[in-house]
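Peer 1: make a model of this:
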Amino acid sequence: GCAQGGVAVEIALAHKHLTGGGMDLPVVQPVFEAYARERGVAQRLRFHSGNFFKDPLPTCDVIIMGHILHDWDLDEKRLLLRKAYEALSPKGAIIVHEALIDDARKQNAFGLLMSLNMLVETPGGFDFTGADCRTWMKEAGFKRTQVARLAGPDGMVVGFK
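Peer 2: I've put the predicted structure just below:
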């Protein structure tokens, strides 16, 4: 989930015209709301209480899943991408931000080690390549996808409806 809302808060601070929110389990709501208040963006951010496996995702134009998919097995990854597709507006987009493994699985040592970490710490989680994620996005219905490297070991995969 969104945890304290760091991504949503930073986007709201950088783009004063945007509204947004985050979704996580109910216990996280006071933490999210306090952080948004402290940073002066509470009036533009809304907390959505729920379990992203059991509850529908809130409707919106853009969904950001930052270091979410790597926690889950392949079926759960695919389910979350399908749910995102269903929640997005007709011209919506999803951004998956992770320590992407390079497609050749040879260069991003951090991504490979993070995947090993997920295999040890979770029942079925693993990191993945940009090509893997693009395939899953297309299976979910996304029409166009692209991969972009970010600073450090991270990258993002963007899917457009």
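
Peer 1: correct me if wrong: residue 125 contacts residue 118.
Peer 2: Yes - counting by C-beta atoms under 8 Å, residue 118 is a contact partner of residue 125 at 3.8 Å. Placement of C-beta: from N, CA and C, glycine included.

Peer 1: quick check: neighbours shared by the two?
Peer 2: The contact sets of residue 125 and residue 118 overlap at 70-71 (C-beta atoms under 8 Å, 6 or more residues apart in numbering).

Peer 1: let me see the domain layout of this structure.
Peer 2: Taking automatic domain parsing as the criterion, the chain consists of the domains 1-50, 56-160.

Peer 1: just put those in TSV and tack on mean neighbour count and mean pLDDT.
Peer 2: Shown next, in TSV, are the domains of the chain (neighbours: other C-beta atoms under 10 Å; pLDDT from 0 to 100):
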stretch	mean neighbour count	mean pLDDT
domain 1-50	16	97
domain 56-160	17	93
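
Peer 1: touching, residue 85 and residue 160? I think so.
Peer 2: No - contact criterion C-beta under 8 Å: residue 85 and residue 160 do not qualify, at 10.5 Å.

Peer 1: can you work out which residues contact both of those two?
Peer 2: residue 142.
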